[in-house]
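K.L.:
test case, fold it:
(chains A, B and C)
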Amino acid sequence: MKHMLKLLPFSLILLLAGCGMENLSALDPRGPVAEMQLSLIQLSLYIMIFVIVIVFSIYAFVLIRFRERPGDTHIPKQVHGNRTLEFIWTTIPILLLLLLAIPNVMDTFTLADTGIPDEGVDEELLDEDDEVQDYVVIEAHAHQFWWEFVYPDLGVNAGQDMYIPTDTRVIVELEASDVIHSFWVPALAGKQDNVPGITNDLWFEAPEEGIYMGKCTEICGPSHWLMDFKVVAVDPDTFDSWAETMAEPPEDQLEPEGEVAVEGRDIFVENCIACHAIGDEGGNTGPNFTNYSERTVVAGFLEYSDDNLHDWIRDPDSLKPGNEMPGFGEEAISDDEMDALIEYINTLSVLDE
Amino acid sequence: MANSSPAKKSVLWDWLTTVDHKKIGIMYFLAGLFFFAVAGLEAILMRIQLMFPEMSFLGEQTYNELLTMHGTTMLFLAAMPLFFGFMNFVVPLQIGARDVAFPFINSLGFWLFLFGGIILNVSWFTGGAPDAAWTSYVPLSSDSPGHGVDYYVMGLQVSGAGTLMSGINFLVTIVNMRAPGMSMMRMPLFTWSTFVTSMLILFAFPALTVGLLLLMLDRIFGGAFFDVAMGGNVVIWQHLFWIFGHPEVYILILPAFGIFSEVISTFAKKRLFGYSAMVFATLIIGFLGFMVWAHHMFTVGMGPVANAIFAVATMAIAVPTGIKIFNWLLTLWGGRIRFTVANLFALAFIPSFVMGGVTGVMLATSAANYQFHDTYFVVAHFHYVIIGGSVFGIFAGTFYWWPKMFGYRLSEAWGKWFFWLFLIGFHMTFFVQHFLGLMGMPRRVASYLDGQNLNDLNFISTMGAFFMGTAFILLVINVLISRKNTENTDDPWDGRTLEWATTSPVQEYNFAQTPLVRDLDALFYEKMNGDGRMKAAEPLGDIHMPNGSILPIFIALGLSIASFGVIYYSWPVIIGGLVVTFFTMMLRSVIEDHGYNIPVSEITGEKGEDK
Amino acid sequence: MADNQVVEPQVLPPNPEKATLEGRNKFLGFWFFLGGETVLFGSLFGTYLGLRTSTEGGPGPSELFHLDLVFIMTMILLTSSLTSVFAIINMKRGNFNKLLIWMWATVALGVAFLSFEIYEFYDYYFNYGLGFTVSAFASSFYTLVGTHGAHVAFGVGWITTLLIRYRKAGITLANAPKFYTAVLYWHFIDVVWVFIFTVVYLLGAGG
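P.N.:
This next block holds a predicted model:
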């Protein structure tokens, strides 16, 4: 047990200092929901450390004091039990648990209450002047193995990157199209499941701008481990202009300038748009492409580069087994056409920097 | 009337047809150990894959199959059968019985378990093992291509039927077959925990049976239970699974609690502190085990009321568990503690399990659970309770009862190497996983991306797994090299309970004369207040024993054939298999078996040879 | 422990089914088994209640169920429980022939019940188009009621086997527990049917 006792203070340091990757770790919360959850975790941890210290002290004392010494052959007194002691170690744990149970029940109800207006505006959504706070509703549809974010009030459909305004309550409605998935952005909020046939919801807020890592946490097939997404928090003005452009992409998205890009556009329309819409033009079997070049990764996990785009389009299944996208070999898209297509894809953006 | 003695049988035939609880216990134990090794190997393969980020040691599909089979095998085919081995062997001895209540059904239960386990593992060779995790959540499992999940359904259905029978058998044995003077409140704690465990099996397994039935109907016969497009509901599976699955957790831990109670009391040379509180706590844990299943489903959208209720109910389980921990500590207090390997495992269990227990309370905190759920934190938690509790219990029991079961003592020196290596490996593997979870690593991932600060802890974890694997090899070596330690095996630990009043290996009829029990720790009482031998409750006489039977194998075989018929959807095979089963059952019903008598002369003669 | 000998009626103990340890084991074990069966049917009821409105445009309870038919089935099964009680009373009195007669009556009623059930399923399938795969409601209805039907069929087979096997044996300490447990089982499936009648049919027909 020695090594365990050594690890214990080490674990405390890890927990208190926070560890893991920035904007991924639940130990380094970046919003009120994750903070609430971390403080609950810390409360439970402190209570539990209290218990551990007591048990381990008695344990260590007993093992040292009452170990058999050479030549010792006495028969210990056959004690039956002790009612007072039984009472003590029944009551104290109950009190300790109540200490944890009460804040937990309160937090559980707070987290479950998204305050969606049509359920009656929740007080939490009202600011000091009884005005309804800003909020945005986003539907998160989980697919094998990617995420579709629909903004019903804004007419936006976005793939993989979930843009949110800072300091605004984000209400996420979770749905699934195939199997069960689970929506988790550790630095912002704990998870809820995307269950086929059921709509769950959760809420969170991000006070700071940044890109937060999201993951699917329910096993959903071979590429479960690659089903990552990003939550991109931008200031409310940027968000508004993002949403506006996403809803109605600029003309040059479909009518790009430059000969190569036009060729690429044609290839895109011929091969890709049936599944990857631009604006509201095209299908939604795959992620929406309106702002594709603003993504930081290809397919949710590969570094964004022409080479990776090329490899992905050629053979998606070898990179992300079990995903629905067919591969496009050279007979479908030649190398030259591929270059044009990628050049076109690289022009797809909605934020002017 | 009963004939005098069975004809001489070959060794193989003897074991295939045996209805002797001791032989069945040994078969359970050995089969369990084999599956334990298989599932352990699967775990090591997975840890190798996770040693470095983005490894391509295993494909994603293979990884998912390994994780499914690791969990399923460990729980259903390793941990439970290993405990069943001890229960079968030890419980009738502890209560002073000649056999279990239903020797035939006992044998049937074993063969069903073994055939179920074989069905499950055949899937590796027929195009892919089940791949939807041991929980097999629909619709991932109901839509899973290939036959893997069909093997899961049928394998568990067959072995589950066996488990249910064994559970009923233990219940009736404990209620009806106790020796004179062995009141319920004089039963050893291991017998008590067997009793409560069997209750849990009885009331939990039918829920799994129904869940598997529905999944089978959906997958093979076009049912619509879990098909959302047809009005199905995927959450029903989760409820059915966890109504079974949570009690299953206690099915795995309570027998270990029983073993620790025996081992700690024996090696502290003290009566168990607070015996009645321990019994009561076991009952409460068993009862609460049925009230908390939905704490596995906090994130599935049950609403805050259900979440809050299940959170508080779950926390309540910490209270009886705490009572047990403190009673063990107080049993050690004032004792004369011997650090045998069996006791080392029992002693290591206390801090390890406390750590698993406190993370359990943390997980029960529903609002915080949204962060923990389905991450490596959960993986760490349940390995702390299952290895730190159940597996340590199995190893403690192995070293404790080995002389009684196999007639030789395992080497203490090798055992201590094994113990330390396993303990260090265990904490190394799983302690760091708490942090991996909170740092953003979901569970059941076939790999993880580089650059997420997850690399170091995963590497440490894999190293720990290698330690555990090496330790297990030491155990196997120990079993092989210790075979000459045959002296002092009847009562090597200065035992307190009735099983140590028998010879090693135990006679077929256990006790020549049914013992008279005068107190808790019956044998210890006689050592202190009598001549150190059990008083007899009956005069020496002929002993009636049941005959062996080959029929259980055929019943199990028929069901296995029918299972393959279901998996490959062939009605002739299904019907053929069922005909074999029902015909054999009818034979059993029609042929009356009167057993045989062992005459007094043989009993005293044997006794004479021994002493 | 030699319990195969025919015991004359007058020397049979008042409860022959519990006179031997084997008999007591069987008796207790069977009660435990019925406890497990209760959970099994409880799970099926739960599933049915969760899915009973999911007809997905297919036929639903209110148009399917004919309470008159189901009422007759209920009466048949309740009567069969009564006949099995008479059988056990006669067993305790040591009247083996009457035991046989009442048990055969029980079997006959069980067969009648099964025939009605088969007719019912046939009617739903061919006249209403309620196939097993039509909707989640259909699946859960057939599974719950069908599992009960399978239990009745097994009971009929079990009791018939006992009756044929022991047609000339008289009441013994060996077969008394067997008849007794079979009757216990029969009561159990009867009770389950009462719940099916209430939860499935009455609740379904009433909306």
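K.L.:
okay, and the residue in chain C positioned nearest to chain A sits in which element?
P.N.:
Proximity of chain C to chain A (CB to the nearest CB) peaks at residue C:54, 9.9 Å away. C-betas here are computed from N, CA, C, even on glycine. When elements are assigned from DSSP states H and E, residue C:54 belongs to no helix and no strand.
K.L.:
right, and it touches residue C:136 too?
P.N.:
Yes - if you go by CB atoms under 8 Å, residue C:54 and residue C:136 touch, sitting 4.0 Å apart.
K.L.:
identify the contacts common to those two.
P.N.:
B:230-233 (CB atoms under 8 Å, 6 or more residues apart in numbering or on different chains).
K.L.:
report the separation between the residue of chain C most remote from its centre and residue C:138.
P.N.:
The centre of chain C is farthest from one residue, residue C:57, which by CA atoms, centre = their mean lies 33.0 Å away. As judged by CB to CB, to the nearest Å, residue C:57 and residue C:138 stand 11 Å apart.
K.L.:
which residues do those two both contact?
P.N.:
What both residue C:57 and residue C:138 touch, as defined by CB under 8 Å, 6+ apart, is an empty set.
K.L.:
ok, back up a step: okay, residue C:54 and residue C:136: which has more neighbours?
P.N.:
The residue with more neighbours, out of residue C:54 and residue C:136, is residue C:136; 31 against 23, by other CB atoms under 10 Å in any protein chain shown.
K.L.:
what's the neighbour count on the one residue in the stretch 301-450 of chain B that gets nearest to chain C?
P.N.:
Here the residue of the stretch 301-450 of chain B nearest chain C is residue B:302; by CB to the nearest CB that distance is 13.4 Å. Counted with other CB under 10 Å, residues neighbouring residue B:302 total 19.
K.L.:
neighbour-wise, which of the shared contacts of residue C:54 and residue C:136 leads?
P.N.:
That'd be residue B:232 among the shared contacts of residue C:54 and residue C:136, by other CB under 10 Å, with 29 neighbours.
K.L.:
list the contacts of residue C:202.
P.N.:
Applying CB under 8 Å, 6+ apart, the residues near residue C:202 are residue C:67.
K.L.:
in contact with the closest residue to the residue of chain C closest to chain A other than its chain neighbours, which residues?
P.N.:
What sits nearest to residue C:54 in space, not counting adjacent residues and going by CB to CB, 6 or more residues apart in numbering or on different chains, is residue B:231, at 2.9 Å. Taking CB under 8 Å, 6+ apart, we find residue B:231 in contact with B:224, C:51, C:54-56, C:135-137.
K.L.:
could you save the residues you listed as JSON lines and add columns showing pLDDT, secondary structure and distance to residue B:351?
P.N.:
Below are those laid out as JSON lines (pLDDT from 0 to 100; DSSP: H, G, I helix; E, B strand; the rest coil; distance: CB to CB, whole Å):
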{"residue": "B:224", "pLDDT": "93", "secondary structure": "coil", "distance to residue B:351": "50"}
{"residue": "C:51", "pLDDT": "94", "secondary structure": "helix", "distance to residue B:351": "47"}
{"residue": "C:54", "pLDDT": "91", "secondary structure": "coil", "distance to residue B:351": "50"}
{"residue": "C:55", "pLDDT": "89", "secondary structure": "coil", "distance to residue B:351": "56"}
{"residue": "C:56", "pLDDT": "87", "secondary structure": "coil", "distance to residue B:351": "55"}
{"residue": "C:135", "pLDDT": "93", "secondary structure": "coil", "distance to residue B:351": "54"}
{"residue": "C:136", "pLDDT": "94", "secondary structure": "helix", "distance to residue B:351": "49"}
{"residue": "C:137", "pLDDT": "95", "secondary structure": "helix", "distance to residue B:351": "53"}
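K.L.:
before we move on, back to that, what's the distance between the residue nearest to residue C:54 and residue B:134?
P.N.:
28 Å.
K.L.:
now residue C:112
P.N.:
45 Å.
K.L.:
same check on residue A:336?
P.N.:
On the measure of CB to CB, residue A:336 and residue B:134 end up 50 Å apart.
K.L.:
excluding its backbone neighbours, what's nearest whatever residue of the stretch 1-150 of chain A ends up closest to chain B?
P.N.:
As assessed by CB to the nearest CB, chain B sits closest to residue A:20 within the stretch 1-150 of chain A, at 3.1 Å. Residue nearest to residue A:20 in three dimensions, not counting chain neighbours: residue B:439, with 3.1 Å by CB to CB, 6+ apart.
K.L.:
next: residue B:445.
P.N.:
Using CB to CB, 6+ apart, the nearest residue to residue B:445 is residue A:225, at 3.5 Å.
K.L.:
show me the shaky parts of chain A.
P.N.:
Scanning chain A for pLDDT under 70 picks out A:1-19, A:116-133, A:353.
K.L.:
which stretches in it count as helices?
P.N.:
A:2-17, A:32-65, A:83-112, A:236-247, A:251-254, A:259-271, A:306-314, A:316-319, A:335-346 (DSSP state H).
K.L.:
contact partners of the fifth one?
P.N.:
It refers to helix A:251-254. A:265, A:278-279, A:281, A:290, A:347-348.
K.L.:
closest one of these to chain B?
P.N.:
Closest to chain B, out of all of the contacts of helix A:251-254 and judged by CB to the nearest CB, is residue A:348, at 24.5 Å.
K.L.:
not counting sequence-adjacent ones, nearest residue to the closest one?
P.N.:
residue A:292 (4.3 Å).
K.L.:
check residue B:354 too.
P.N.:
residue A:55 (5.2 Å).
K.L.:
ok, residue A:264 next?
P.N.:
Here the residue nearest residue A:264, using CB to CB, 6+ apart, is residue A:344, at 2.8 Å.
K.L.:
just checking, that neighbour touches residue A:258?
P.N.:
No - using CB under 8 Å, residue A:344 makes no contact with residue A:258, being 9.1 Å away.
K.L.:
out of the two, which sits in the more crowded spot?
P.N.:
residue A:344 (26 against 14).
K.L.:
so how far is chain C from that one?
P.N.:
Using CB to the nearest CB, to the nearest Å, residue A:344 is found at 44 Å from chain C.
K.L.:
which residues touch that residue?
P.N.:
A:256, A:260-261, A:263-265, A:267-268.
K.L.:
in chain B, which residue is most central in space?
P.N.:
residue B:80 (1.8 Å).
K.L.:
quick one, helices of the stretch 401-550 of chain B?
P.N.:
Assigned by DSSP state H, counting those that start in this stretch, the helices in the stretch 401-550 of chain B fall at B:412-438, B:455-481, B:522-529.
K.L.:
can you name the residue of the stretch 101-250 of chain B nearest to chain A?
P.N.:
For the stretch 101-250 of chain B, CB to the nearest CB, closest residue to chain A: residue B:228, 3.8 Å.
K.L.:
show me how far stretch B:139-148 is from its chain's centre.
P.N.:
27 Å (CA atoms, centre = their mean, to the nearest Å).
K.L.:
give me the contacts around that stretch.
P.N.:
A:178-180, A:196, A:219-221, B:65, B:68, B:123, B:126-133, B:149, B:152, B:215, B:218-219, B:226-228, B:234, B:567-568.
K.L.:
out of these, who's near chain C?
P.N.:
Residues of those in contact with chain C (CB under 8 Å from any CB of the partner chain): B:218, B:227.
K.L.:
make a PyMOL selection of whichever of the contacts of stretch B:139-148 turn out to be buried.
P.N.:
Buried residues within those, by 16 or more other CB atoms under 10 Å in any protein chain shown, are selected in PyMOL with:
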select buried, (chain A and resi 178+179+180+196+219+220+221) or (chain B and resi 65+68+123+128+129+130+131+132+133+149+152+215+218+219+226+227+228+234+567)
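K.L.:
helices - which of the contacts of stretch B:139-148 land there?
P.N.:
B:65, B:68, B:149, B:152, B:215, B:218-219, B:567.
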